[in-house]
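Asker: Everything below, folded, please.
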Amino acid sequence: MRGGGGGGGGGLRSPTGAGRGAMSPRRRRALARLGILLLLAGLIWSTQPNKRLGARRQRAQRAASLDPALKDTWEADHLPAACEAELAAVLPGSSPARHNANNADNANNADNAEANAAAANPTLARSKLYGKFARGVAEQGLAVFGSDAGAATTQGLGLAALFDFHPESGKVTARLARLDVPVRAVVLPLPVRAPAAARLHQVVRRVLGEEFPPAGGTRGRGDSVWYQDPAIYHFSVFHASHHLDAHAASAAEAAAESAAIRAVARGSCPIEAVVERVVVTPAGGVMALWNVQGGTEPAELRRRLRHALPHAPAKQIVADDVILHTTLARLLRPPPAPRGSAGESADSGGSGGSGGSGA
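Answerer: Below is the predicted model:
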């Protein structure tokens, strides 16, 4: 048995030894497959830089549709020198001004150009507007708590007109004023169960609770912030009547307004929006500022409502047609002074009264 096995083994080795210069079909197929795999790997590796550049280009294009102040952020992400020229074409602020230099001194033309730009790119117009809001506190401070606090108002109303401060507990209640002509407003409610509403409310309470701890009242445990109920978060769109320009309406006229508003709504698409910024205004308002990904543009919606409600106030509460915002909270007291500062000793002695007077 062993001998037969050895002879068989020798018979198998002999052809192999005799044909060392030839390659079996199986081996050729294996090498061909290996070559194809190496070629594919080379192609994939060579396309990776292009994919990375494409991803950066998309990010830069997104930046170009937002606030030009973001340019510094994108440029801080240093890129290879070969990418700079290509990205310069899409980075905001890289191209010369588009307005006619011959009319640069014409204010009316400048205003028209800005309006045309907003109509052509409302996303950018919104973002530029939001950038101005974000710079407001840095440039003006919290004017609502300054020496000229009366000038910092919301819809013409200061804190004293909006809230009552309890002298002992420091707790705050909203002051409700009866109007002879009720406000008739068109608002877009944020869905109650929307994750965005809960998330915004949670984050705002956490951040503002750290920066504006309880103060006021005899025990210093009063309210420092008024938080809007997330169940009624909304976007103010248009007013058929408001407290600064009351337009009375009979029952029949109010019903006709409602019918006109429903007709506008039926002819409009749902707005898909994302939060771009959350800012604090000099008047103490805390606002979520949204940009639009799809659906009817807010400016177009307001234009349609203006046409449908011809008797509405010419001067709207929401003055900026492109804006889409939600009021999340309102600051009621200034932030505490740093420990050991002169401001702390001055404020701590009268914190109970400062809430009422600051209101």
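Asker: And the strands in this protein, which stretches?
Answerer: 163-165, 172-174, 184-189, 225-227, 234-241, 272-280, 285-294, 325-331 (DSSP state E).
Asker: Switch those over to CSV; also include distance to Arg135.
Answerer: (C-beta placed from N, C-alpha, C; glycine too.) Output for the strands of the chain, formatted as CSV (distance: least, CB to CB, whole Å):
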stretch, distance to Arg135
strand 163-165, 27
strand 172-174, 29
strand 184-189, 27
strand 225-227, 22
strand 234-241, 22
strand 272-280, 9
strand 285-294, 13
strand 325-331, 16
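Asker: right, and these - which one's nearest Gly35?
Answerer: strand 285-294 (46.5 Å; CB to CB).
Asker: circling back: can you redo the strands of the chain as JSON lines with distance to Leu37 and mean pLDDT?
Answerer: Listed next are the strands of the chain as JSON lines, based on distance: least, CB to CB, whole Å; pLDDT from 0 to 100:
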{"stretch": "strand 163-165", "distance to Leu37": "72", "mean pLDDT": "86"}
{"stretch": "strand 172-174", "distance to Leu37": "70", "mean pLDDT": "88"}
{"stretch": "strand 184-189", "distance to Leu37": "55", "mean pLDDT": "95"}
{"stretch": "strand 225-227", "distance to Leu37": "60", "mean pLDDT": "95"}
{"stretch": "strand 234-241", "distance to Leu37": "55", "mean pLDDT": "96"}
{"stretch": "strand 272-280", "distance to Leu37": "43", "mean pLDDT": "93"}
{"stretch": "strand 285-294", "distance to Leu37": "41", "mean pLDDT": "94"}
{"stretch": "strand 325-331", "distance to Leu37": "54", "mean pLDDT": "96"}
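Asker: Go through those strands and name the closest to Leu31.
Answerer: The nearest among those, by CB to CB, is strand 285-294 at 51.8 Å.
Asker: What lies in contact with the closest one?
Answerer: 66, 122-123, 126-127, 130, 133, 154, 200, 204, 208, 225, 235, 269, 271-281, 298, 323-331 (CB atoms under 8 Å, 6 or more residues apart in numbering).
Asker: Can you tell me which of those residues are classed as buried?
Answerer: 66, 122-123, 126-127, 130, 133, 154, 200, 204, 208, 225, 235, 271, 273, 276-281, 298, 323-331 (16 or more other CB atoms under 10 Å).
Asker: show me where pLDDT drops low in the stretch 151-300 of the chain?
Answerer: Along the stretch 151-300 of the chain, the parts satisfying pLDDT under 70 run over 151-156.
Asker: try it again with 90
Answerer: Filtered on pLDDT under 90, the stretch 151-300 of the chain yields the residue ranges 151-170, 172-179, 190-195, 215-222, 243-244, 283, 293-294.
Asker: Now do the helices in it.
Answerer: 159-162, 195-211, 251-266, 298-308 (DSSP state H, counting those that start in this stretch).
Asker: What residues sit buried inside the shortest one?
Answerer: Judged by neighbour count using 16+ other CB under 10 Å, the buried positions of helix 159-162 are Leu159, Leu162.
Asker: then that helix to PDB, C-alphas only?
Answerer: Output of helix 159-162 as PDB, limited to C-alpha atoms (Å, rounded to 0.1, in the frame of the first residue of the first chain):
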ATOM      1  CA  LEU A 159     -41.000  94.900  31.100                       C
ATOM      2  CA  ALA A 160     -43.200  96.900  33.500                       C
ATOM      3  CA  ALA A 161     -46.000  96.700  31.000                       C
ATOM      4  CA  LEU A 162     -45.600  93.000  30.400                       C
END
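Asker: As TSV, the helices of the stretch 151-300 of the chain with distance to Gly217 would be great.
Answerer: Formatted as TSV, the helices of the stretch 151-300 of the chain follow (distance: least, CB to CB, whole Å):
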stretch	distance to Gly217
helix 159-162	16
helix 195-211	17
helix 251-266	43
helix 298-308	41
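Asker: Could you work out which of these reaches nearest to Met23?
Answerer: helix 195-211 (63.0 Å).
Asker: Can you list the helices and strands that that closest one packs against?
Answerer: strand 225-227, strand 272-280, strand 285-294, strand 325-331 (3 or more CB pairs under 8 Å, 6 or more residues apart in numbering; DSSP states H and E).
Asker: partners of the shortest one in the sheet?
Answerer: What it means is strand 225-227. strand 325-331 (antiparallel) (DSSP bridges).
Asker: What are the contacting residues of the strand it pairs with?
Answerer: By CB under 8 Å, 6+ apart, strand 325-331 touches 142, 144-145, 154, 162, 190, 200-201, 204, 208, 212, 224-228, 233-236, 278, 280, 284-290.
Asker: picking that back up, and of the helices and strands packed on helix 195-211, who's closest to Glu253?
Answerer: strand 325-331 (28.8 Å).
Asker: Let me know the angle separating the closest one from helix 298-308.
Answerer: 100 degrees (axes from the mean of the first three to the mean of the last three CA atoms, to 10 degrees).
Asker: got the CA positions of strand 325-331 in PDB?
Answerer: Taking C-alpha atoms only, strand 325-331 is exported to PDB below (Å, rounded to 0.1, in the frame of the first residue of the first chain):
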ATOM      1  CA  HIS A 325     -38.600  83.200  14.400                       C
ATOM      2  CA  THR A 326     -40.000  81.800  17.700                       C
ATOM      3  CA  THR A 327     -39.800  83.600  21.000                       C
ATOM      4  CA  LEU A 328     -38.500  81.100  23.600                       C
ATOM      5  CA  ALA A 329     -38.000  83.200  26.700                       C
ATOM      6  CA  ARG A 330     -37.600  86.700  28.000                       C
ATOM      7  CA  LEU A 331     -34.900  88.000  30.500                       C
END
